[in-house]
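A.B. asks: Got a predicted structure here, sequence first:
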Amino acid sequence: MSNQDVVRDYVEATVAGDLEREAALRHPDWSVHWPQSGERVVDEASYGQIIRNYPGGSPTSRVTRIAGTEDRYVATPSGTLARVGGQGDFWVGEWEVTYPDGVTYQCVDLMDLRDGKV
């Protein structure tokens, strides 16, 4: 699977809220840092607990752009068109995340790939 395919599958899994599929596409050294709250999550179990137990229900995501070079467009499961592009092991995604209280935030996802995983 190419890096572009990995990123596309990862984005689709994220938008669909498919935690198992996301986990399968992540490298064992994966982590996420949420600078707005100062949180850093370093394992799948903790990430899953946060998403499944979020007050009011899981946040929803909408991809606005996955950027790099050699752009192509794909439709995510929610019908959102996402620009998928990139080269090598570094990709950038732009998202809108809506929390259960209705507040929507603009997010940037910096994705490094290693061994064919995010």
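C.D. replies: In hand now; what should we look at? Numbering: from 1, shown residues only.
A.B. asks: where do the helices sit along the protein?
C.D. replies: Secondary structure of the chain by DSSP state H: the helices cover 3-16, 19-24, 44-52.
A.B. asks: Now the shortest one: buried residues?
C.D. replies: Within helix 19-24, the residues that count as buried by 16 or more other CB atoms under 10 Å are 19, 22. Heads up, the C-betas are built off the backbone N, CA and C, glycines and all.
A.B. asks: Against which helices or strands is that helix packed?
C.D. replies: When contacts are defined as 3 or more CB pairs under 8 Å, 6 or more residues apart in numbering; DSSP states H and E, helix 19-24 packs onto helix 3-16, helix 44-52.
A.B. asks: The helices of the chain: which one's closest to Trp34?
C.D. replies: helix 44-52 (9.6 Å; CB to CB).
A.B. asks: pLDDT of the closest one, averaged?
C.D. replies: Mean per-residue pLDDT for helix 44-52: 93.
A.B. asks: same check, this time on stretch 21-40
C.D. replies: pLDDT averaged over stretch 21-40 gives 93.
A.B. asks: Pull the number of nearby residues for Gly93.
C.D. replies: Neighbour count of Gly93, defined by other CB atoms under 10 Å: 23.
A.B. asks: Tell me who's in contact with it.
C.D. replies: With contact taken as CB atoms under 8 Å, 6 or more residues apart in numbering, Gly93 is in contact with 7, 11, 63, 65-67, 108-109, 111.
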